[in-house]
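>>> Everything below, folded, please.
(one chain, ligands or ions: 1)
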Amino acid sequence: MNWPDIFLREVPADSDAKELALSVRSSVFDNEKGLFSKCDLRKICESGKFEVTTADFNSTEIKTEALLVPMEGDKFRIVLPVSHSASASLFGKGVTRHRNRFRIAHEIAHSFFYKRNKNCPVKLTQDSKAEEDFCDLFASYLLMPFDVVSKLPRRPESVDRIGADYDVSLEAAGRSLAKANKDILVLGLSWKENPRDKNIGLRVQWSAGDLADFIPNNTRLHSPSALEAFESSKSIENIEYLAVGNLRGMFHISVDKKINRNFTIAILSLPSMSEITHMKENMSIFR
Ligand SMILES: [Zn+2]
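Numbering: from 1, shown residues only. So this is what the prediction gives:
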């Protein structure tokens, strides 16, 4: 099997990122496991002729997350920022490894914007925000196959599961679940103090989904269900009136049990008609 012969002269539609990621996986792996399980980036790098190294970005002007350097002999070098945490392997541990896996997948996407031949690959496009967004999308699909993610329940536990199964951060996992379910909002919630008024509460650390722009980071989520889930370490599901950031209304909220000491995940969606009717029958405020 060969590495995909794809040379992009312009940034393709978002949907092409999904296909490109699948064609990379199927060029390297010839079985179901390779197509849909945790992405073996070493095998992918080997097959696409990417060599991964690190450099100390702090001592340079480099402001990017990672670098893709075209090399003689139709190769690329992916340069990652050196990690100052003690890590045995190049990919690092924990958060560093998650970041590095995403960075490598992102840089692999950039390589398709080069003309490759026997010599040094030549860039076909000008760098752009659109290309960066496309590469992020590709990275997400490469690491977390859409066919698997789109079949998972629309629940916060699915975010945990994607994170664990695919060796990615919970934020990347949340974004991937939100991409597969257009009508949900996934929130990463931290228990922390407001630097201004010192009030402690659940605050949005990150949000994913089409409505995420309405919720700035650090917004406080006033939700009795979220609080209860966090305090009792139980998953809780409810219909609530929520005012979070610039979003206001009745939402179906599903909150994971506390994931660690100060973090949990919630999923918001619009309640169905039957849920609203059921609620109306059970609550006095509607009478
Ligand atoms: Zn980039």
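>>> Grab the nearest non-local neighbour of residue 2.
residue 27 (6.1 Å; C-beta to C-beta, 6 or more residues apart in numbering). For every residue, glycine as well, the C-beta is placed using N, CA and C.
>>> oh, I was asking about residue 210
Nearest non-adjacent residue to residue 210 (C-beta to C-beta, 6+ apart): residue 182, at 6.1 Å.
>>> same check, this time on residue 58
Residue 58's closest residue in space is residue 81 (C-beta to C-beta, 6+ apart), at 7.9 Å.
>>> Tell me what that neighbour is bridged to.
Here residue 81 sits in beta bridges with residue 55, going by DSSP bridges.
>>> Show me which residues of the stretch 1-150 of the chain are close to the ion?
Contacts of the stretch 1-150 of the chain with the ion, taken as C-beta under 5 Å from the ion, map to 132, 135.
>>> so where do the strands sit in the stretch 1-150 of the chain?
Ranges of strands in the stretch 1-150 of the chain, per DSSP state E, counting those that start in this stretch, are 50-55, 67-71, 75-81, 114-115, 122-123.
>>> Return the most buried member of the ones you listed.
Among those, ranked by average contacts under mean count of other C-beta atoms under 10 Å, first place goes to strand 75-81 (a mean of 20).
>>> any idea how far that strand is from the chain center?
Using C-alpha atoms, centre = their mean, to the nearest Å, we find the averaged C-alpha position of strand 75-81 to lie 21 Å away from the chain's own average C-alpha position.
>>> what's around the residue nearest to residue 2, how many residues?
Residue 27: 16 surrounding residues under other C-beta atoms under 10 Å.
>>> now the one 5 residues further on
When counting by other C-beta under 10 Å, one arrives at 8 neighbours for residue 32.
>>> Now do the end-to-end distance for stretch 117-124.
Start and end residues of stretch 117-124 are separated by 13 Å (C-alpha to C-alpha, to the nearest Å).
>>> got it, and stretch 144-152?
One end of stretch 144-152 to the other measures 12 Å (C-alpha to C-alpha).
>>> Adding mean pLDDT, write the strands of the stretch 1-150 of the chain out as CSV.
CSV is the format used below for those (pLDDT from 0 to 100):
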stretch, mean pLDDT
strand 50-55, 92
strand 67-71, 95
strand 75-81, 94
strand 114-115, 96
strand 122-123, 96
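>>> which one of these lies closest to residue 262?
Nearest to residue 262 among the strands of the stretch 1-150 of the chain is strand 75-81; the distance by C-beta to C-beta comes to 26.5 Å.
>>> Name the residues that touch that closest one?
Identification of contacts with strand 75-81 by C-beta atoms under 8 Å, 6 or more residues apart in numbering yields 45, 48-58, 65-71, 90, 100, 103-104, 107-108, 111, 121.
>>> The same query, at a cut-off of 6 Å, please.
Contacts with strand 75-81, where a contact means C-beta atoms under 6 Å, 6 or more residues apart in numbering, come from 49-55, 57, 66-71, 100, 103-104, 107, 111.
>>> give me the number of residues near residue 116?
Other residues near residue 116 come to 20 when the count uses other C-beta under 10 Å.
>>> right, and it touches residue 71 too?
No: Residue 116 is beyond contact range of residue 71, at 11.0 Å (criterion: C-beta atoms under 6 Å).
>>> ok, back up a step: can you get me a residue count around the residue nearest to residue 210?
The local packing of residue 182 (other C-beta under 10 Å) involves 9 other residues.
>>> Let me see the contact set for residue 67.
With C-beta under 6 Å, 6+ apart as the criterion, the residues that contact residue 67 are residue 79.
>>> tell me the domain ranges of this protein?
14-143, 182-286 (automatic domain parsing).
>>> So for residue 164, which of those domains sits nearest?
Ranking the domains of the chain by their distance to residue 164 (criterion: C-beta to C-beta) puts domain 14-143 first, at 9.4 Å.
>>> Please measure how far the first residue of the closest one sits from its last one.
One end of domain 14-143 sits 16 Å from the other (C-alpha to C-alpha).
>>> mind listing what residue 7 touches?
By C-beta under 6 Å, 6+ apart, the contact list for residue 7 reads residue 115.
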